[in-house]
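[1] Give me the fold of what follows.
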Amino acid sequence: MTSSYLKFVSMIKTADLIQISSLNFSYGKSEIFQNLDVGFSAGKVTAIMGGSGSGKTTILKLIGGQVRPQKGRVICDSKVVNHMRHNELFAHRKTIGMLFQFGALFTDLNVFDNVAFPLREQTALPDAAIKDLVLLKLHAVGLRGASRLMPAELSGGMARRVALARAIALDPSLMLYDEPFTGLDPISTAITGNLIRTLNDTLGITSVFVTHDIKASFKVADEVVLLSRGCVTARGKPEDLMESTDPLVQQFVNGEVDGPVPFHVRSRSYREDLALVQSENLK
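    Below you'll find the predicted structure:
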């Protein structure tokens, strides 16, 4: 456990909306987490960062109950998600808004109908009320004027904003974002980051997003959780991680090629591999 993590772990109190404790999780024989402990503060924007395969998106799936741990608990709003039955999970997910990595819009529905979809499926509101709500959500993301466009007519940034309007259609108390900045140009990245921050503060919700984008996430997040080797390596405010002397944190934040996360995969010596190849060629 690093000094960076110890320094900030004292900040983790009962104010956490989400608490993951003593959690082990594997995909088959591939171990992702071993005794993971982490919390996400209510009302805050938290960025989950780490190398590829560190389990960032898996945490979102655990929170939503898509996967269950082999050991430990995932608690959301005082309820144990991994103990929920089907109907309880259904109710739990209705309190969560999810922005998928590439938006996942319905290609055969226009912008208006994409945002209206959860309202029509999950509520008994009259059409007039649904129309008002859809236009309100689209206005919040700056796309009220694009309500009749089809997904194919949208830029990548616009599609992501429509997906965000759909994700907040049911006024969730928790927003999850899976790589919200991937594939976006600098302007769209800035717009998306500003929307995450503004919607969180305006709606009074809790937001958790996973990303590799250091610059964009550090502008938006209240806290950053850095994952490595199946556990939390560091947690704190963006500026605290920038100033960290931990070698792993420095390597990730500065994008260094080599460090605690090596460039080369562990293997036999190069000489041994060459000798093995030669011996096999002689057979």
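
[2] Pull out the buried residues from stretch 192-209.
    By 16 or more other Cβ atoms under 10 Å, the buried positions in stretch 192-209 come out as 192-193, 195-197, 199-200, 203, 205-209. (Each C-beta comes from the backbone N, C-alpha and C, glycine too.)

[3] Find me whatever residue is spatially closest to Arg68, sequence neighbours aside.
    If the residues on either side of it in the chain are set aside, Arg68 comes closest to Asn82, at 4.6 Å by Cβ to Cβ, 6 or more residues apart in numbering.

[4] so what secondary structure elements neighbour the host helix or strand of Lys219?
    Taking DSSP states H and E as the criterion, Lys219 maps to helix 214-220. Applying 3 or more Cβ pairs under 8 Å, 6 or more residues apart in numbering; DSSP states H and E, one finds that helix 214-220 contacts strand 45-50, helix 186-203, helix 238-242.

[5] between the ones you listed, which one is nearest to Ser228?
    With respect to Ser228, and counting by Cβ to Cβ, the nearest of the helices and strands packed on helix 214-220 is strand 45-50 at 5.8 Å.

[6] just the angle between the closest one and helix 186-203, please?
    For the pair strand 45-50 and helix 186-203, the angle between their directions (axes from the mean of the first three to the mean of the last three Cα atoms, to 10 degrees) equals 130 degrees.

[7] After strand 45-50, which helix or strand is next?
    Following strand 45-50 in sequence order, the next helix or strand is helix 56-64 (DSSP H and E).

[8] Buried residues in that next one, which are they?
    56, 58-64.

[9] nearest to Arg161, of these?
    The closest of the buried residues of helix 56-64, once distances to Arg161 are taken by Cβ to Cβ, is Leu60, at 19.8 Å.

[10] What's the local residue count around Leu119?
    Using other Cβ atoms under 10 Å, Leu119 has 20 other residues around it.

[11] Check the secondary structure at it for me.
    Assigned with DSSP: H, G, I helix; E, B strand; the rest coil, Leu119 falls in the helix class.

[12] For the closest residue to it other than its chain neighbours, give me its contacts.
    The shortest distance from Leu119 to any non-neighbouring residue, by Cβ to Cβ, 6+ apart, is to Ile130 (4.8 Å). Counting by Cβ atoms under 8 Å, 6 or more residues apart in numbering, Ile130 makes contact with 116, 119-120, 123.

[13] Please tell me how far Ile130 sits from Val224.
    37 Å (Cβ to Cβ, to the nearest Å).

[14] and what of Leu133?
    To Val224, Leu133 is 33 Å away according to Cβ to Cβ.

[15] Looking at those two, which one has more neighbours?
    Shown here are Leu133 and Val224; by other Cβ under 10 Å, Val224 has more neighbours (26 against 18).

[16] and Leu23, that one's in a strand?
    Yes: Leu23 forms part of a strand when assessed by three-state DSSP.

[17] So it sits against Arg73, correct?
    Yes: contact criterion Cβ atoms under 8 Å: Leu23 and Arg73 qualify, at 7.1 Å.

[18] what about the two, which has more around it?
    Per other Cβ under 10 Å, whichever of Leu23 and Arg73 has more neighbours is Leu23, with 23 against 14.

[19] Which of the contacts of Ile130 sits closest to Ile168?
    Sorting the contacts of Ile130 by how near they are to Ile168, with Cβ to Cβ, puts Leu119 at the top with 11.1 Å.

[20] didn't Val249 look like it was pressed against Leu226?
    Yes: between Val249 and Leu226 a contact is recorded at 6.3 Å, counting by Cβ under 8 Å.

[21] All good on my end, thank you.
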